[in-house]
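**Student:** Provided below for reference: sequence and predicted model.
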Amino acid sequence: MLEIKGLDVKYGQIQALRGINLRVGAGTIVAVIGANGAGKSTLLMTLAGLLQPAAGQIVYQGRALPAKAHEVVARGICLVPERRRLYANLTVKENLLMGAFLRHDRDGIAADMEKMYELFPILKQRIKQYAGTLSGGEQQMVAIARGMMSRPQLLLLDEPSLGLAPLIIEAVFNTIKEIKKQGTTILLAEQNAFQALEMADQAFVLETGRIILEGEGKVLIEHPLVRKAYLGIKH
């Protein structure tokens with residue numbers, strides 16, 4: 001579905017990504033793990049059209065990725081950003097409708113709203129509540145649901161577990177697995193290495209802007225470097 005070749009991304013004179021090669025197969029969960037500042041968010045923002053590459057190619061479904069963010073969404077890629085970035089002064093329902101901004105199929109939008117309430121039952125109870133008054137876990141649910149309202153074929157998730165309690169993290173990751181079951185491909189950037197690798201079909205380890213390891217998620221869990229650097233296991 002997605003192929004990245006030799007991707008370089010810079011912030012002015014600072015090079016954030018160097019020679020990234022990465023593939024995402026349709027119907028899979030692909031995880032990118034790494035420490036804070038490794039370049040995970042930069043990678044996803046570039047794929048979402050928010051940053052422009054300095055070099056390299058991004059091919060999505062056999063064609064070059066568009067340069068503008070709204071064109072990327074129209075092609076079927078949606079980013080759920082780090083720290084959620086909801087419209088705090090809009091209600092839950094209004095936030096979800098913003099996710100469907102490029103769509104014009106009223107019946108389809110209404111049907112997808114109901115699907116989101118089935119996926120996240122608590123949101124139906126919060127439908128008229130302002131997003132800024134929700135708990136962190138509820139806000140993350142809204143953020144994912146808003147992204148899904150664009151009907152993405154590829155969902156980009158940036159640190160969905162950030163700042164959440166352990167029980168809420170488990171619920172969020174279970175939801176990600178369910179979204180995959182329903183047919184959406186997922187590229188996940190995550191510091192919670194064990195949870196990400198445990199459910200990933202394929203995974204990449206990003207360190208200071210370079211990919212240093214790749215492989216099946218459950219295989220990388222056993223890699224000595226991953227165990228020591230990202231799982232806190234000494235032996």
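**Tutor:** Good, I have the coordinates.
**Student:** isn't Ile221 right next to Leu197, touching?
**Tutor:** Yes: counting by CB atoms under 8 Å, Leu197 is a contact partner of Ile221 at 4.9 Å. All C-beta atoms are positioned from the backbone trio N, CA, C, and that covers glycine.
**Student:** and the two? which has more neighbours close in?
**Tutor:** More crowded of Ile221 and Leu197, by other CB atoms under 10 Å: Leu197, with 25 against 20.
**Student:** and that one, what element?
**Tutor:** Following DSSP states H and E, one finds Leu197 within helix 193-199.
**Student:** what's that helix packed up against?
**Tutor:** Helix 193-199 sits against strand 29-33, helix 166-181, helix 217-220, with contacts defined as 3 or more CB pairs under 8 Å, 6 or more residues apart in numbering; DSSP states H and E.
**Student:** Turn these into CSV, columns for mean pLDDT, distance to Gln125 and mean neighbour count.
**Tutor:** Formatted as CSV, the helices and strands packed on helix 193-199 follow (pLDDT from 0 to 100; distance: least, CB to CB, whole Å; neighbours: other CB atoms under 10 Å):
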stretch, mean pLDDT, distance to Gln125, mean neighbour count
strand 29-33, 97, 29, 26
helix 166-181, 92, 15, 15
helix 217-220, 94, 34, 18
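**Student:** Make JSON lines out of these and add distance to Val72.
**Tutor:** What follows is the helices and strands packed on helix 193-199, written out as JSON lines (distance: least, CB to CB, whole Å):
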{"stretch": "strand 29-33", "distance to Val72": "17"}
{"stretch": "helix 166-181", "distance to Val72": "19"}
{"stretch": "helix 217-220", "distance to Val72": "26"}
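**Student:** ok, back up a step: what does the helix holding Leu197 contact?
**Tutor:** Helix 193-199 is contacted by residues 29, 31, 33, 161, 169, 173, 176-177, 188, 190, 203, 217-218, 220-221, 226, 230-231 when judged by CB atoms under 8 Å, 6 or more residues apart in numbering.
**Student:** counting contacts, what elements does the lowest-mean-pLDDT helix or strand in the chain pack onto?
**Tutor:** Of all the helices and strands that make up the chain, helix 224-229 has the lowest average by mean pLDDT, DSSP states H and E, namely a mean of 90. The elements that helix 224-229 packs onto, with contact taken as 3+ CB pairs under 8 Å, 6+ apart, are strand 210-215.
**Student:** how close does the nearest residue in space to Gly27 that is not next to it in sequence sit to Leu164?
**Tutor:** In space, and not counting its chain neighbours, Gly27 is closest to Thr185: 5.9 Å by CB to CB, 6 or more residues apart in numbering. Distance, Thr185 to Leu164, using CB to CB, to the nearest Å: 23 Å.
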